[in-house]
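Student: Just a sequence and a predicted model for now, questions to come.
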Amino acid sequence: MKELDRHEALELASPFPYVLAVTLDKRERPNIMGLSWWMFTSWDPLMIAISVGHQKYSHECLEHHKEFVLCFPSEGQEKDAWTCGTKSGRDMDKLIMKQIETGDHTVYIANVVATHGNPDLVNHLYSIHYTKLISIGSAGEIKLDLKFK
C-alpha cells in the first residue's frame with residue numbers, strides 16, 4: 001500500500017452519485033447546481049444533507065431561500081447535467097432545516113417532504129473524480145423535494 005494524494009484517492013473512491021440541487025435566488029429565479037456531496041442523514045424523519053462551497057452562487061441562494069429540490073439525472077441527460085455543475089447561476093440562467101459550517105463548505109440538512117420518480121429511467125449519472133459523468137443502472141430516476149422547516 002502507498003500513500004495517495006487527494007486526486008488519486010478521489011479517483012479510486014469514484015463513482016459518486018451525481019445530483020442536481022435546485023434553489024431560488026433573491027429574485028425568485030430558479031438556480032441549479034450539480035454536486036456529488038449529499039447523503040441521507042435520517043430515516044425517521046427522512047432527511048438529506050448537501051454540502052455547498054461558501055463561494056458558490058447556490059450557497060448564496062440557499063442562505064436567502066432555505067429550500068431546495070434534489071434531482072437525480074439519468075442517462076441521456078449528461079450534457080445538461082454537466083452544464084449545471086460547471087457553470088455558475090450568477091452568469092447564466094440554469095434552471096432546510098439546519099446548516100453546519102465545515103471549513104470552506106456549508107452542509108445543509110433538510111426534511112424530505114415529497115418524492116417523485118420515473119422507474120422507466122434506470123441509469124443514474126455518477127461523477128468520476130469530479131471530471132466526468134457516467135451512467136450506471138439502478139432502480140430509476142428519483143426526484144426528492146426538500147424543504148426547510
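Tutor: Okay, I see it. Numbering: from 1, shown residues only.

Student: Make sure I have this right: residue 12 is in a helix.
Tutor: Yes. Checked against DSSP: H, G, I helix; E, B strand; the rest coil, residue 12 lies within a helix.

Student: residues near it, how many?
Tutor: 9 (other Cβ atoms under 10 Å). C-betas here are computed from N, CA, C, even on glycine.

Student: got the contact list for residue 51?
Tutor: Applying Cβ atoms under 8 Å, 6 or more residues apart in numbering to residue 51 gives the contacts 35, 37-38, 102, 105-108.

Student: Looking at those residues, spot the one nearest residue 27.
Tutor: residue 108 (20.5 Å; Cβ to Cβ).

Student: got the phi/psi numbers for the closest one?
Tutor: Taking degrees, to the nearest 10, you get phi -100, psi 130 for the backbone angles of residue 108.

Student: leaving aside the residues next to it on the chain, what's closest to it?
Tutor: Of all residues not flanking residue 108 in the chain, residue 96 sits nearest, at 4.6 Å (Cβ to Cβ, 6 or more residues apart in numbering).

Student: can you map out the strands along the chain?
Tutor: Under the criterion DSSP state E, the chain contains strands at 16-17, 19-24, 30-35, 38-43, 46-53, 67-71, 98-102, 105-118, 123-128, 132-137, 141-147.

Student: still on that earlier bit, by neighbours, which of the contacts of residue 51 wins?
Tutor: residue 108 (27 neighbours).

Student: which residues does that one bridge with?
Tutor: Per DSSP bridges, the residues bridged to residue 108 are residue 50, residue 99.
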